[in-house]
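1. Return a 3D structure for these sequence lines:
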Amino acid sequence: MPFEKIVIITQKTQLQELLERFGTHGQARFYLEHMGASFDEYQAAHDAYMRSVERLEHALPAELRQQFVERGFLPNFSFGERDLVATLGRDGLVVNTAKYLGNQPILAFNPDRLRVDGILIPFDVGNAAQVIRSTVEGKYTLSAISMAKAELNDGQVLHAVNDLFIGQRTHLSARYHIRLGDVGEDHSSSGIIVSTGAGSTGWFRSIVTGASRVIEGIYDGGDLSAARTEYRFPWDADYLYFSVREPFVSNVSSAELVFGTIDAGARLELTSHMPQNGVIFSDGVEADYLAFNSGAIASITLADRKVQLITGV
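-> So this is what the prediction gives:
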């Protein structure tokens, strides 16, 4: 299917965000240097990103309609079914963009190999002209990335490319009933993380690393190093992992169902016991959340749709 338009998703640099806060370069410099940070590094990163934006602009084919969209406008932007979507930024930009797409493929360009890891970013912006041309001609390969889905009993839905967080907005304990299959119990914890294969290198890795180190510290001589190196699971895995953070055992709360797999076709059911401040958010974007307060029931499942990431041309 031929593309009608290419939509380029950009993001603000850290310097631009500082200028929004402080107003001028001078005030931003004073703040950073007062805190012991280097303003020059912020400026260098900004300049590198802006050069990448220019390079990508020059690489766009003239015959294809173009539209630039800053990351902050994604929640209110409507993508066309025949849009080719390109991202220019960090891995998080790919993740945040993917949640708002249907079957549109994503071209992810790395603006700065010195500063951006690019786990989900196959292409350098320096090769953008050739990559875009091959893609427009249909000469590309796709990798499917599984997503998680949270659906409330009122019909609201939230998708995640990396992970879902279910818990309290504040640092107070999250209280809820958890059920997987025939097993259920009441919990008091710091919340639940549901991870996809793409997210296994992020929050999931942190959970596994922390848990293994704690156990090794308590039981001197135990070796759980394999857990810290074998945490990854495939991007297109047909399952999710859930991890309960800091579960507390009391007369009214248990901690048996604290880690497990949500297979395709199965669901993790959570019933909120929080009068207020209960939330579900995805991929670290706290501002875009579902309220999860008393009376809310969340079904956590593997999403039907997958992210279509272009990984080769």
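
2. switch to C-alpha atoms for all contacts and neighbour counts from now on
-> Fine.

3. what about the helices in the stretch 201-313 of the chain?
-> Using DSSP state H, counting those that start in this stretch, the helices of the stretch 201-313 of the chain run over residues 203-218, 225-229.

4. Show me the shaky parts of the stretch 101-250 of the chain.
-> Counting by pLDDT under 70, the ranges of the stretch 101-250 of the chain that qualify are 221.

5. just the strands in the stretch 201-313 of the chain please.
-> 239-244, 259-263, 268-272, 278-282, 289-291, 297-302, 307-312 (DSSP state E, counting those that start in this stretch).

6. and those strands, which is most packed in?
-> Here the criterion is mean neighbour count by mean count of other Cα atoms under 10 Å, and of the strands of the stretch 201-313 of the chain the winner is strand 278-282, at a mean of 24.

7. I'd like the mean pLDDT over that one, please.
-> Summarised as a single mean, pLDDT over strand 278-282 is 97.

8. what residues does that strand touch?
-> 158-169, 174, 272, 287-293 (Cα atoms under 8 Å, 6 or more residues apart in numbering).

9. likewise stretch 52-64?
-> 3-6, 66, 88, 111-112, 125-126, 128-129, 132-133.

10. can you give me the strands in the stretch 1-150 of the chain?
-> Assigned by DSSP E, counting those that start in this stretch, the stretch 1-150 of the chain shows strands spanning 5-10, 65-70, 83-88, 106-110, 123-124, 141-145, 148-152.

11. Just tell me which of the ones you listed ends up closest to G312.
-> strand 141-145 (5.1 Å; Cα to Cα).

12. Kindly calculate the angle that that closest one makes with strand 307-312.
-> On the basis of axes from the mean of the first three to the mean of the last three Cα atoms, to 10 degrees, strand 141-145 is oriented at 140 degrees to strand 307-312.

13. Cross the contacts of stretch 52-64 against helices and list the overlap.
-> If you go by DSSP state H, the contacts of stretch 52-64 have 128-129, 132-133 in helices.

14. circling back: could you give me the ChimeraX selection string for whichever of the contacts of stretch 52-64 are buried?
-> To isolate the buried ones among the contacts of stretch 52-64 in ChimeraX, judged by 16 or more other Cα atoms under 10 Å, type:
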select :3,4,5,6,66,88,111,112,125,128,129,132
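
15. farthest pair in the contacts of stretch 52-64?
-> E4 and D112, at 28.3 Å, using Cα to Cα across the contacts of stretch 52-64.

16. Is L19 in contact with H25, as I believe?
-> Yes: L19 lies in contact with H25 (Cα atoms under 8 Å); the separation is 6.6 Å.

17. now stretch 239-250, how far from the centre of its chain.
-> Centre-to-centre, stretch 239-250 and its host chain are 19 Å apart (Cα atoms, centre = their mean, to the nearest Å).

18. Let me see the residues that make contact with that stretch.
-> For stretch 239-250, contacts defined as Cα under 8 Å, 6+ apart pick out 148, 187-197, 207, 254-255, 258-264, 301-302.

19. Equivalent analysis for stretch 188-197, please.
-> Contacts for stretch 188-197 (Cα under 8 Å, 6+ apart): 145-148, 161-168, 171-176, 203-204, 232-237, 239-249, 253-254.

20. ok, now with 6 Å
-> With contacts defined as Cα atoms under 6 Å, 6 or more residues apart in numbering, stretch 188-197 is touched by 162-167, 173-175, 233-235, 240-248, 253.

21. From those, list the buried ones, please.
-> Buried subset of those (neighbour count, 16+ other Cα under 10 Å): 162-167, 173-175, 233, 235, 240-245, 247, 253.

22. which stretches of the stretch 51-200 of the chain form helices?
-> Using DSSP H, counting those that start in this stretch, the helices assigned to the stretch 51-200 of the chain run over residues 91-98, 128-136.

23. Quick check: which of these is buried the most?
-> Per residue and on average, the most neighbours among these fall to helix 91-98, with a mean of 20 (mean count of other Cα under 10 Å).

24. Show me how far it is from its chain's centre.
-> 6 Å.

25. Show me what it packs onto, helices and strands only.
-> Using 3 or more Cα pairs under 6 Å, 6 or more residues apart in numbering; DSSP states H and E, no helix or strand is in contact with helix 91-98.

26. sorry, back to before: could the strands of the stretch 1-150 of the chain be laid out in CSV, adding distance to D283?
-> Shown next, in CSV, are the strands of the stretch 1-150 of the chain (distance: least, Cα to Cα, whole Å):
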stretch, distance to D283
strand 5-10, 17
strand 65-70, 18
strand 83-88, 16
strand 106-110, 17
strand 123-124, 22
strand 141-145, 14
strand 148-152, 10
